[in-house]
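In: structure here, sequence nowhere to be found:
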């Protein structure tokens, strides 16, 4: 089993080696968006699930990168002035602030299509189907967020954040045609854990709605339930347990 | 063989029956964008190619609709203030003018992913692969157009317009796993014909670059070459010949 750091390096290498998505200027904006120093949580999770069900990481990498590209697409579009209007992202100018709005719209579009191109490198359409369903859910979540029309914070997060975490697990299973077992439950808890800790770090979302202590308690419960789901699997889940612990205790 | 009008009606019915892509407000914007009264040239072409190679239209409809959704996605994003800044589209407010910029960005995104979802309803990933390759080319063409960085009008049009026409033909072949024969040449000429006549009707593009008479001459030549490519096929291409004639002589 490869460590989280080893898996992350595989992801970084694969992303750096992506073929150009289009003309040089568009490709530059796409690479800028992808190279923003993210933690690659989703693709690393995907590769770790893949190893747990017996796949070689190389076989899962296109699916893992596809998930990361969808994540990157969502950040590029969400940062646009018409949406969240974020001029910075991870300490650098956001894609639109660096390249202009028109290029950022198109770079986001290109990231999304390139994600499908990668997901379609498999003989089975199952990987790309998981990605399409999750991405539609995520876009729906962003719509509810931007228009302020979500009834329920948990339901919003489940769409906006959760669906792509669930896809990170689902595409790894799809590559191997592996049985779902308790994987969907694990995926859902990891997505919830990620969002709860994000809110703790940012002091928003659940923290504003329920307070810091309650949010911490819910995060710890999500982590426990994720570990319980792993414990029921007939697989070596040691790296995944480390990922859950890392998500529960992260400080950035 | 069904007539163009019959094929168009099948497309309209299938588009009207699409499942919701997300929350009601987002779905409303997506349907607004799709119901703009377009001529459905690409999906009708797709269905007609499908019939020529022996497919039932019902079997080709998801692929045909997928192409139309990609076309619709491109219009929604191209109309945005940061890109072409078009407030109207076919005599109505454009999607962003009707629903706001943020909803239009997300509606375009949703149209694109729904297109892949439809293309992924086939057992073979070939349909969705054609769509991904064409859509990346189209986005690249739009980048060259928006940034004014195209060297060559023909190359720009081949990307921005041509790639999706080529996909309209290619996905119909992919559904049936049919031999390419002279279909790619036909598709390329139909795309060129469409753009040349578009420029004649709008008085821009080729008309500005080469004058009206020369543009007309090139359009007629593209139509002739498209018909010549059809004549080499071992298939009933009567409806397709009618489509070529209709594109060459259209006045709107």
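Out: Cool, got the structure. Since the model is a prediction, treat every value here as computed from it, not as a measurement.

In: residues contacting residue A:173?
Out: A:49, A:53, A:179, A:180, A:183 (C-beta atoms under 8 Å, 6 or more residues apart in numbering or on different chains). C-betas here are computed from N, CA, C, even on glycine.

In: one more time with 7 Å
Out: Shown in contact with residue A:173 (C-beta atoms under 7 Å, 6 or more residues apart in numbering or on different chains): A:53, A:180, A:183.

In: let's have those residues in CSV, adding neighbour count, pLDDT and secondary structure.
Out: CSV is the format used below for the contacts of residue A:173 (neighbours: other C-beta atoms under 10 Å in any protein chain shown; pLDDT from 0 to 100; DSSP: H, G, I helix; E, B strand; the rest coil):
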residue, neighbour count, pLDDT, secondary structure
A:53, 21, 97, coil
A:180, 11, 96, coil
A:183, 23, 98, helix
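
In: nearest to chain B among those residues?
Out: residue A:180 (19.2 Å; C-beta to the nearest C-beta).

In: give me the phi and psi for that closest one.
Out: phi -60, psi -40 (degrees, to the nearest 10).

In: for it, give its distance to residue A:59.
Out: 19 Å (C-beta to C-beta, to the nearest Å).

In: before we move on, what about residue A:170?
Out: Distance from residue A:170 to residue A:59, by C-beta to C-beta: 16 Å.

In: more neighbours, the two?
Out: Counted by other C-beta atoms under 10 Å in any protein chain shown, residue A:170 and residue A:59 do not tie: residue A:170 has more neighbours, with 26 against 14.

In: residues near residue A:57, how many?
Out: By other C-beta under 10 Å, the residues close to residue A:57 number 18.

In: excluding its backbone neighbours, what's nearest it?
Out: Nearest non-adjacent residue to residue A:57, counting by C-beta to C-beta, 6 or more residues apart in numbering or on different chains: residue A:47, 5.0 Å away.

In: element containing the one you found, please.
Out: With secondary structure defined by DSSP states H and E, residue A:47 is part of helix A:41-52.

In: what packs against whichever strand or helix holds residue A:239?
Out: Taking DSSP H and E as the criterion, residue A:239 maps to helix A:238-249. Packing partners of helix A:238-249 (3 or more C-beta pairs under 7 Å, 6 or more residues apart in numbering or on different chains; DSSP states H and E): helix A:4-16, helix A:41-52, helix A:183-202, helix A:212-231.

In: buried residues, it. List them.
Out: Neighbour-count burial for helix A:238-249, counted by 16 or more other C-beta atoms under 10 Å in any protein chain shown, picks out A:239, A:240, A:241, A:243, A:244, A:247, A:248.

In: same question for stretch A:215-234.
Out: Here stretch A:215-234 shows A:215, A:216, A:218, A:219, A:222, A:223, A:225, A:226, A:227, A:229, A:230, A:233 as buried, counting by 16+ other C-beta under 10 Å.

In: one more: stretch A:166-176?
Out: A:166, A:167, A:168, A:169, A:170, A:171, A:172, A:173, A:174, A:175.

In: tell me who's in contact with the residue in the stretch 151-252 of chain A that chain B sits nearest to.
Out: As assessed by C-beta to the nearest C-beta, chain B sits closest to residue A:159 within the stretch 151-252 of chain A, at 8.7 Å. By C-beta under 7 Å, 6+ apart, residue A:159 lies in contact with A:137, A:138, A:140, A:141, A:144.

In: that older thread, switch the buried residues of stretch A:215-234 over to TSV; also include distance to residue B:21.
Out: Converted to TSV, the buried residues of stretch A:215-234 look like this (distance: C-beta to C-beta, whole Å):
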residue	distance to residue B:21
A:215	32
A:216	36
A:218	31
A:219	32
A:222	29
A:223	33
A:225	31
A:226	30
A:227	35
A:229	30
A:230	33
A:233	33
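
In: for the residues you listed, give me JSON lines that also has pLDDT.
Out: As requested, the buried residues of stretch A:215-234 are exported to JSON lines (pLDDT from 0 to 100):
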{"residue": "A:215", "pLDDT": "97"}
{"residue": "A:216", "pLDDT": "97"}
{"residue": "A:218", "pLDDT": "97"}
{"residue": "A:219", "pLDDT": "97"}
{"residue": "A:222", "pLDDT": "98"}
{"residue": "A:223", "pLDDT": "98"}
{"residue": "A:225", "pLDDT": "98"}
{"residue": "A:226", "pLDDT": "98"}
{"residue": "A:227", "pLDDT": "98"}
{"residue": "A:229", "pLDDT": "98"}
{"residue": "A:230", "pLDDT": "98"}
{"residue": "A:233", "pLDDT": "96"}
